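A.B. asks: What follows is a predicted protein model with its sequence.
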Amino acid sequence: MTERFCNLDRLLHLMDRRGVDAVLAAAPNNVYWLSGFNLPAHKSDEPRPVAVLLAREMPDDPVMVLPDFYMGAAAAHSGWIEDIRPFRAILLPFDQPSRGMADLDRFVAPNARPRWFPGAAVRYAPDMAAALESAVADCCLGGKRIAVDEPRLAARLANVDIVDGYGLLMSARSIKTPAEVDLMRAATAVNRAAIEESIGAWTPGMTWRDLTAAYHAAALVRGGFVHDPGAMVLANGSDGAVPTIASEADDYELEPGMRIMFDCHGTKDRYCWDGGKTWIVGSEGADAARPLAQATADAMAEIEALMVPGARISALQAAGRAIYRKHGLSLADDALIFFHGLGLSHLDQEVDAEGAVTGDFAVEAGMAIATHIYYPGDRRERMWLEDIALIGDSGPAGSIFGWDFLPHGLDG
């Protein structure tokens with residue numbers, strides 16, 4: 001665990017405005033955001049059985065409920081949450097009775113006990129439901145309104161008014177703290193370096209799968225994680241007017257002059273990286289690409305210059321399209337210009353009940369906004385650019401990428 005980096009003030013403001021007395025978070029990203037607890041799941045393909053309960057009237061004293069086998073990790077990486085409530089879990093034998101603190105001693109050596117350990121031992125519960133019930137009672141939340149982000153967890157609570165907490169926490173997460181921005185910069189640095197290194201590995205005859213493998217290796221060695229089936233999101237092999245999602249079955253030779261669209265996803269310290277830009281393979285045809293490349297760069301610069309708090313997505317899209325028209329490009333109306341937040345997920349925005357992004361949303365100070373621009377064409381004509389902008393109190397506060405907006409393979 002680390003010191004608190006979540007935007008607690010934003011969360012408390014939203015809880016007050018929506019009449020929520022407490023949040024109970026169990027979704028992994030939300031648990032990490034609230035607690036800083038970020039160790040591998042004991043079964044890596046299943047969610048961690050961990051939850052954080054934070055009461056609006058007791059914001060400095062949240063409760064974290066976790067399996068007893070995480071006690072050693074919690075003791076070694078103590079953070080800002082000190083009310084730790086373990087429950088008996090799968091590692092201990094079912095054919096023997098509970099031995100209380102003696103069981104916890106299997107996971108935390110006596111000379112490694114943090115100051116909160118005695119309280120945790122007193123509250124050692126037989127299962128997760130009992131630990132949650134005790135925490136709700138101790139926080140005086142009986143009959144109160146609790147926002148829960150996991151329906152199965154909500155079903156375990158009695159004598160409380162349950163509301164959906166997923167959107168509440170996503171809205172809170174959309175406004176970044178300085179510590180979160182640092183985490184995002186570190187993640188983006190992995191992506192940028194991996195893109196540049198994989199491009200540098202190109203030789204004639206290299207295939208798409210070779211490029212993908214080079215990218216994954218470069219990201220991994222820098223502390224990043226790429227999720228199955230891979231980091232490369234856009235399909236680059238086929239021609240067409242719109243970008244499509246890549247398939248793990250895709251493969252083809254990277255021929256000189258092809259325009260590869262880097263849109264890469266992954267995480268470092270759970271914070272996401274996203275995006276990239278066009279690579280002109282072998283720089284063949286770079287001079288012919290310059291007018292469209294410059295128009296796309298100018299469109300991105302104009303969009304980000306207009307990203308002031310309150311700006312609507314539709315207005316930003318119109319501004320980017322106007323730049324293409326100013327450059328005399330005929331497919332301005334066919335260009336795709338779209339946006340989303342970024343942070344602990346490749347969204348970090350509140351969503352509606354159907355899971356759709358909240359439409360023509362307004363930019364807010366503190367957001368990190370991913371802007372994507374695609375100008376259509378075949379594999380030797382198209383142009384792609386994605387950038388991540390930070391929004392300040394009065395406007396844009398800079399790009400997280402830190403490189404220019406021109407394609408790889410186009411000098412100057």
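C.D. replies: Received it, and whenever you're ready, just let me know what you need. Numbers count the residues shown, from 1 in each chain.
A.B. asks: rounded to a whole number, what's the mean pLDDT of the strand or helix carrying Trp279?
C.D. replies: Element membership for Trp279, per DSSP states H and E: strand 278-280. On average, the pLDDT along strand 278-280 is 97.
A.B. asks: So what touches stretch 276-295?
C.D. replies: Contact partners of stretch 276-295, identified using Cβ atoms under 8 Å, 6 or more residues apart in numbering, comprise 191-192, 195, 199, 202, 204, 254-264, 323-324, 327, 329, 375, 380-386, 403, 405-411. C-beta: built from backbone N, CA, C; applies to glycine.
A.B. asks: what does stretch 394-401 give?
C.D. replies: Contacts for stretch 394-401 (Cβ under 8 Å, 6+ apart): 181, 184-185, 188, 192, 275, 304-305, 307-309, 368, 387-391.
A.B. asks: switch the cut-off to 6 Å
C.D. replies: Met184, Arg185, Thr188, Glu304, Met307, Val308, Asp387, Ile388, Ala389, Leu390 (Cβ atoms under 6 Å, 6 or more residues apart in numbering).
A.B. asks: now stretch 319-336
C.D. replies: Stretch 319-336 is contacted by residues Ala295, Asp298, Ala299, Glu302, Ile303, Leu306, Ile337, Tyr374, Tyr375, Pro376 when judged by Cβ under 6 Å, 6+ apart.
A.B. asks: Contact partners for the fifth one?
C.D. replies: For Ile303, the contacting residues are Leu316, Ala319, Gly320, Thr371, by Cβ under 6 Å, 6+ apart.
A.B. asks: Give me the next element, helix or strand, following the host helix or strand of the second one.
C.D. replies: By that I understand Ala319. Assigned by DSSP H and E, Ala319 falls within helix 313-326. The C-terminal neighbour of helix 313-326 among helices and strands, as given by DSSP H and E, is strand 336-341.
A.B. asks: For Cys272, grab phi and psi.
C.D. replies: Note on Cys272: its backbone torsions stand at phi -80, psi 150 [degrees, to the nearest 10].
A.B. asks: what secondary structure does the closest residue to it other than its chain neighbours sit in?
C.D. replies: Excluding the flanking residues, the one nearest Cys272 by Cβ to Cβ, 6 or more residues apart in numbering is His346, at 5.4 Å. With DSSP: H, G, I helix; E, B strand; the rest coil as the basis, the three-state label of His346 is coil.
A.B. asks: Dump the contacts of Ile303 to a markdown table, plus neighbour count.
C.D. replies: Shown next, in a markdown table, are the contacts of Ile303 (neighbours: other Cβ atoms under 10 Å):
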| residue | neighbour count |
| --- | --- |
| Leu316 | 23 |
| Ala319 | 17 |
| Gly320 | 24 |
| Thr371 | 24 |
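A.B. asks: from those, which is closest to Gly230?
C.D. replies: Nearest to Gly230 among these: Thr371, at 23.1 Å, using Cβ to Cβ.
A.B. asks: what's the angle between the helix or strand that that closest one is a member of and strand 336-341?
C.D. replies: Counting by DSSP H and E, the element that carries Thr371 is strand 368-375. If you take axes from the mean of the first three to the mean of the last three Cα atoms, to 10 degrees, strand 368-375 sits at 170 degrees to strand 336-341.
A.B. asks: Let's test this: mean pLDDT of the longest helix belonging to the chain, rounded?
C.D. replies: Secondary structure of the chain per DSSP state H: the longest helix is helix 178-200. With pLDDT averaged residue by residue, helix 178-200 scores 97.
A.B. asks: Next: stretch 327-342.
C.D. replies: Stretch 327-342 carries an average pLDDT of 96.
A.B. asks: Return the alpha-carbon coordinates of it using CSV.
C.D. replies: C-alpha atoms of stretch 327-342 as CSV (Å, rounded to 0.1, in the frame of the first residue of the first chain):
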residue,chain,number,x,y,z
HIS,A,327,-6.2,22.8,-45.3
GLY,A,328,-8.4,22.0,-48.3
LEU,A,329,-8.9,18.3,-47.5
SER,A,330,-12.0,16.8,-49.0
LEU,A,331,-12.8,14.1,-46.4
ALA,A,332,-13.1,16.4,-43.4
ASP,A,333,-16.7,15.2,-42.8
ASP,A,334,-15.5,11.6,-42.9
ALA,A,335,-12.8,12.0,-40.3
LEU,A,336,-13.3,10.3,-37.0
ILE,A,337,-12.6,12.5,-34.0
PHE,A,338,-13.5,11.0,-30.6
PHE,A,339,-12.6,11.3,-26.9
HIS,A,340,-12.6,9.6,-23.6
GLY,A,341,-11.1,9.9,-20.2
LEU,A,342,-8.1,8.0,-19.0
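A.B. asks: which parts of it are buried?
C.D. replies: Using 16 or more other Cβ atoms under 10 Å as the test for burial, stretch 327-342 gives Leu329, Ala332, Ala335, Ile337, Phe339, His340, Gly341, Leu342.
A.B. asks: how far does that stretch sit from the chain's center?
C.D. replies: How far stretch 327-342 lies from its chain's middle: 24 Å, per Cα atoms, centre = their mean, to the nearest Å.
A.B. asks: domains of this structure?
C.D. replies: Taking automatic domain parsing as the reference, the chain has its domains at 8-173, 178-399.
A.B. asks: still on that earlier bit, report the angle between the helix holding Ala319 and strand 368-375.
C.D. replies: Helix 313-326 and strand 368-375 are oriented at 40 degrees to each other (the same axes, to 10 degrees).
A.B. asks: Give the full set of residues in contact with the residue lying closest to Ala125 once chain neighbours are set aside.
C.D. replies: Using Cβ to Cβ, 6+ apart and skipping residues adjacent in sequence, the residue nearest Ala125 is Ala131, 3.8 Å away. Going by Cβ under 6 Å, 6+ apart, Ala131 touches Val65, Arg85, Phe87, Ala125.
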